[in-house]
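Engineer: For reference, the sequence and a predicted model appear below.
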Amino acid sequence: KRTLLIGKRTIDEWRYGMTRFLTACRYILVIPIIGCVLLTAGAVVMGVGRIFTGGVKVFSLGDFGPKASKILSLAVIEIIDLFLIGTVAYIAAVGLYRLFISNKQIDLPMRLKINTLKDLEDKIIGVLVAALAVAFLGQAAGASEPEALLSYGGGIALVIAALAFFMHQNGKGGGSDSEK
């Protein structure tokens, strides 16, 4: 049996070394996982802060008329959008951790179980669609120009359609995620 040598190592030794190196490199993904957790915390803290400051503002002004109600509705929609953005960051953190760092199950609701890259993509796309819908509602609540609102809504509709097409095409593959 002939053995190919590269330097003083055989091909099998190089393969083994490269496999160990690539296995260790997955831990680099701890950095974006921590970043996503920090983004989640930032979005949640900002949303909670907006709730308190908005509440204080409403009660200190004492204005409960239709215009104030519309402003409050818009603020509520923006806060919900912040929480949805935080949710996307959290799902990304959990998904990256589950896919690349640990094989152990994380105690999450069944709808957040992430076992494949497709699961992670589907979860994130689902929350993104909800965030886009909330963003549109926020624009609709404060819109003064119907043409601008139509243009904004059309852009969001195109993005949602593209995401739906992506999910549909991605689901058609039939192969496992390891092949993608």
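Structural biologist: Good, I have the coordinates. Residues are numbered from 1 along each chain as shown.
Engineer: Can you name the next helix or strand after the helix or strand bottoming out on mean pLDDT in the chain?
Structural biologist: Of all helical and strand segments in the chain, the minimum by mean pLDDT, DSSP states H and E falls on strand 5-6, at a mean of 60. Going down the chain from strand 5-6, the next helix or strand is strand 9-10, by DSSP states H and E.
Engineer: For residue 122, list the residues it contacts.
Structural biologist: By Cβ atoms under 8 Å, 6 or more residues apart in numbering, the contact list for residue 122 reads residue 167. No exception for glycine: its C-beta is placed from N, CA and C like everyone else's.
Engineer: Check the one 10 residues further on too.
Structural biologist: Residue 132 is in contact with 156, 159-160, counting by Cβ under 8 Å, 6+ apart.
Engineer: Now list the buried members of the residues you listed.
Structural biologist: Buried residues within the contacts of residue 132, defined by neighbour count using 16 or more other Cβ atoms under 10 Å: 156, 160.
Engineer: Name the helix or strand for residue 107, please.
Structural biologist: Using DSSP H and E, no helix or strand contains residue 107.
Engineer: And it, how far from residue 98?
Structural biologist: Residue 107 sits 12 Å away from residue 98, going by Cβ to Cβ, to the nearest Å.
Engineer: Could you check which of these two is surrounded by more residues?
Structural biologist: Neighbours were counted for residue 107 and for residue 98 using other Cβ atoms under 10 Å; residue 98 has more, 21 against 5.
Engineer: Now intersect the contacts of residue 132 with the helices, please.
Structural biologist: 156, 159-160 (DSSP state H).
Engineer: Give me the most central residue, this structure.
Structural biologist: residue 88 (2.8 Å; Cα atoms, centre = their mean).
Engineer: wait, what's in contact with residue 85?
Structural biologist: Counted by Cβ under 8 Å, 6+ apart, residue 85 has contacts 39, 43, 131.
Engineer: how about a cut-off of 10 Å?
Structural biologist: 39-40, 42-44, 46-47, 127-128, 131, 134-135 (Cβ atoms under 10 Å, 6 or more residues apart in numbering).
Engineer: Could you tell me which of the residues you listed belong to strands?
Structural biologist: Members of these lying in strands (criterion: DSSP state E): none.
Engineer: Next, format those residues as JSON lines and append distance to residue 169, pLDDT and neighbour count.
Structural biologist: Shown next, in JSON lines, are these (distance: Cβ to Cβ, whole Å; pLDDT from 0 to 100; neighbours: other Cβ atoms under 10 Å):
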{"residue": "39", "distance to residue 169": "28", "pLDDT": "96", "neighbour count": "18"}
{"residue": "40", "distance to residue 169": "29", "pLDDT": "97", "neighbour count": "21"}
{"residue": "42", "distance to residue 169": "33", "pLDDT": "97", "neighbour count": "14"}
{"residue": "43", "distance to residue 169": "30", "pLDDT": "96", "neighbour count": "20"}
{"residue": "44", "distance to residue 169": "33", "pLDDT": "96", "neighbour count": "17"}
{"residue": "46", "distance to residue 169": "35", "pLDDT": "96", "neighbour count": "15"}
{"residue": "47", "distance to residue 169": "34", "pLDDT": "94", "neighbour count": "18"}
{"residue": "127", "distance to residue 169": "20", "pLDDT": "87", "neighbour count": "19"}
{"residue": "128", "distance to residue 169": "17", "pLDDT": "88", "neighbour count": "17"}
{"residue": "131", "distance to residue 169": "22", "pLDDT": "87", "neighbour count": "18"}
{"residue": "134", "distance to residue 169": "26", "pLDDT": "86", "neighbour count": "20"}
{"residue": "135", "distance to residue 169": "25", "pLDDT": "85", "neighbour count": "18"}
